[in-house]
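Visitor: I need the structure of the sequence given here:
(chains A, B and C)
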Amino acid sequence: MVSVGPALDPTATDSAPSTLLGSYVTTLEIPTRSREEFVDIGPQVRALLRESGVRDGVVHLWALHTTCGLTVNENADPDVPRDMLRKMRELVPKDELYYRHAEGNSDSHVKTSLFGPGLTLLVHDGALVLGRWQGVFLAEWDGPRTRKVAVRVIASGPASADPT
Amino acid sequence: MVSVGPALDPTATDSAPSTLLGSYVTTLEIPTRSREEFVDIGPQVRALLRESGVRDGVVHLWALHTTCGLTVNENADPDVPRDMLRKMRELVPKDELYYRHAEGNSDSHVKTSLFGPGLTLLVHDGALVLGRWQGVFLAEWDGPRTRKVAVRVIASGPASADPT
Amino acid sequence: MVSVGPALDPTATDSAPSTLLGSYVTTLEIPTRSREEFVDIGPQVRALLRESGVRDGVVHLWALHTTCGLTVNENADPDVPRDMLRKMRELVPKDELYYRHAEGNSDSHVKTSLFGPGLTLLVHDGALVLGRWQGVFLAEWDGPRTRKVAVRVIASGPASADPT
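Guide: Here you go, the predicted model:
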């Protein structure tokens, strides 16, 4: 059982070195390229699910930041994320006369709470349980940056072992 | 331990046949009747919780779609969902001049990410842990359709077995 | 293993007495002071995590109400929550001519579903897995009130016990 990517050190800052853990707890590193962008992290999540060996259970994902979140939405037509980002920019524009936060990214904080920082994906028979069009995305609201997503895979045991 | 409703086949499309699993993993089928609607799925979630036999743990719910989500809100006064849907229609109207997605439902995708695709409900002593006014809803943003919600019930064991 | 705060009685109303449970299921009581406010509940969540003795796993949090939610965002510069609350008030104002719900808090219900009622936090080596700037907040949308947050801490076992 090996970790995928740099392992989790909850006290680490972005620049701190991290230690590999022989465990299901790990972090993904996600580089982003624009201020606002949906980055498909499905391939990375599936890779670590395979490495975990878990067949049935859940994958908990958690973005370790306050200006990006996680979401699930269509990964087929690129016009969908494009329209979504455009609409979010209109609803929560970068600048408002009343914003006081000196970093100038209050809008990114709002959008992060609206989309949410975490996802719990179901796992069945070694695969993510997703609808036909569902992709797993990091929702970048203040990029470009390198983002970290903490992951914990929990096995719920085979069906026959579940009952009380 | 039996499944409730059609069992889960993560690779199934909406029209594919599904196989029953003797497990806590299952899907609910939720017919919706309007383009935008909150459908109370509490009775179905409680039914499968009873059938699972789990007394303490969590229920993970996941909508297998990109234009409907899940939410918890008031299930007493029907004016609450009515006002909520009205407000969401105003915030994210169906049509915007800048939308490009050919299906014409970009607003549904936005609202799905805003409300979120999944919920983790707590289970205690065989019951869902919900506040007095909380109901569990499928939030339909592009109906009417038949929707599928994947469910995994995980037993956390009795309290006395939890400690390390 | 002791509970922190009044223990969970899922059938309890706000005024009902509650019974202590020797378990990881418990409730936090959070007093709020304004109509709209983010209250840092990190210290209370960390206290009960310590008392649970769980070293690795997850903490599931659930707000037992329909007019407040939970979120994670910056807990450093107070201008961030201030700007966020201001923006949310503009997006979803208290009054709209078309609201019908007699209690006059339809906006609070909308904001609750937008931010969401629950969070699943990861636990590693006895600590919450959070980014450097992430704080855990109750998002009050219709205060001041005393709010209840249900908590279930689930141990996933030490890393070496996880693999199949």
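Visitor: Show the contacting residues for the nearest residue to residue A:31 once chain neighbours are set aside.
Guide: Once its chain neighbours are removed from consideration, residue A:31 has its nearest residue in residue A:146; the separation is 5.0 Å (CB to CB, 6 or more residues apart in numbering or on different chains). All C-beta atoms are positioned from the backbone trio N, CA, C, and that covers glycine. Residue A:146 is in contact with A:14, A:29, A:30, A:31, A:32, counting by CB atoms under 8 Å, 6 or more residues apart in numbering or on different chains.
Visitor: Could you look up the SS state of the second one?
Guide: Judged by DSSP: H, G, I helix; E, B strand; the rest coil, the three-state class of residue A:29 is strand.
Visitor: tell me the pLDDT at it?
Guide: Residue-level confidence at residue A:29 comes out at 97, pLDDT.
Visitor: Rounded mean pLDDT for the longest helix seen in chain A, please.
Guide: With DSSP state H setting the assignment, residue counts place helix A:79-91 as the longest helix in chain A. Summarised as a single mean, pLDDT over helix A:79-91 is 98.
Visitor: Establish whether it and chain B are in contact.
Guide: Yes: with CB under 8 Å from any CB of the partner chain as the criterion, chain B is reached by helix A:79-91 at A:79, A:80, A:82, A:83, A:84, A:86, A:87, A:88, A:90, A:91.
Visitor: max-length strand in chain A?
Guide: In chain A, with assignment by DSSP state E, the single longest strand is strand A:146-155.
Visitor: That one - what's its average pLDDT?
Guide: Average pLDDT, strand A:146-155: 94.
Visitor: Give me the sheet partners of it and which way each runs.
Guide: Based on DSSP bridges, the pairing partners of strand A:146-155 within the sheet are strand A:25-31 (antiparallel), strand A:57-63 (antiparallel).
Visitor: So for the last one, what gets flagged as buried?
Guide: Right, the one you point to is strand A:57-63. Buried positions in strand A:57-63, judged by neighbour count with 16 or more other CB atoms under 10 Å in any protein chain shown: A:57, A:58, A:59, A:60, A:61, A:62, A:63.
Visitor: hang on, the fifth one packs against residue A:151?
Guide: Which is residue A:61. Yes: counting by CB atoms under 8 Å, residue A:151 is a contact partner of residue A:61 at 5.7 Å.
Visitor: what residues are shared contacts of these two?
Guide: residue A:45.
Visitor: contacting residues around residue A:107?
Guide: Contacts were defined as CB under 8 Å, 6+ apart; by that measure residue A:107 touches A:92, A:93, A:94, A:95, A:96, A:99, A:141, C:87.
Visitor: for chain A, which spans come out with low pLDDT?
Guide: Across chain A, residues meeting the criterion (pLDDT under 70) sit at A:1-24, A:157-164.
Visitor: Now for residue A:111, how many residues are close by?
Guide: When neighbours are defined as other CB atoms under 10 Å in any protein chain shown, residue A:111 has 26 of them.
Visitor: And for the one 5 residues further on?
Guide: As a burial measure, residue A:116 scores 26 neighbours (other CB under 10 Å).
Visitor: check contacts around it.
Guide: The neighbourhood of residue A:116, defined by CB under 8 Å, 6+ apart, consists of A:69, A:70, A:71, B:116, C:71, C:115, C:116.
Visitor: what about the strands in chain A?
Guide: When assigned using DSSP E, the strands of chain A occupy the ranges A:25-31, A:37-40, A:57-63, A:68-74, A:118-124, A:127-128, A:134-140, A:146-155.
Visitor: now the angle from the first one to strand A:68-74?
Guide: It refers to strand A:25-31. Between strand A:25-31 and strand A:68-74, the angle comes out at 80 degrees (axes from the mean of the first three to the mean of the last three CA atoms, to 10 degrees).
Visitor: ok, now the fifth one?
Guide: Relative orientation of strand A:118-124 and strand A:68-74, computed by the same axes, to 10 degrees: 40 degrees.
Visitor: same question, the last one
Guide: Counting by the same axes, to 10 degrees, strand A:146-155 points 70 degrees away from the direction of strand A:68-74.
Visitor: Show me how far strand A:146-155 is from its chain's centre.
Guide: On the basis of CA atoms, centre = their mean, to the nearest Å, strand A:146-155 sits 8 Å off its chain's mean C-alpha point.
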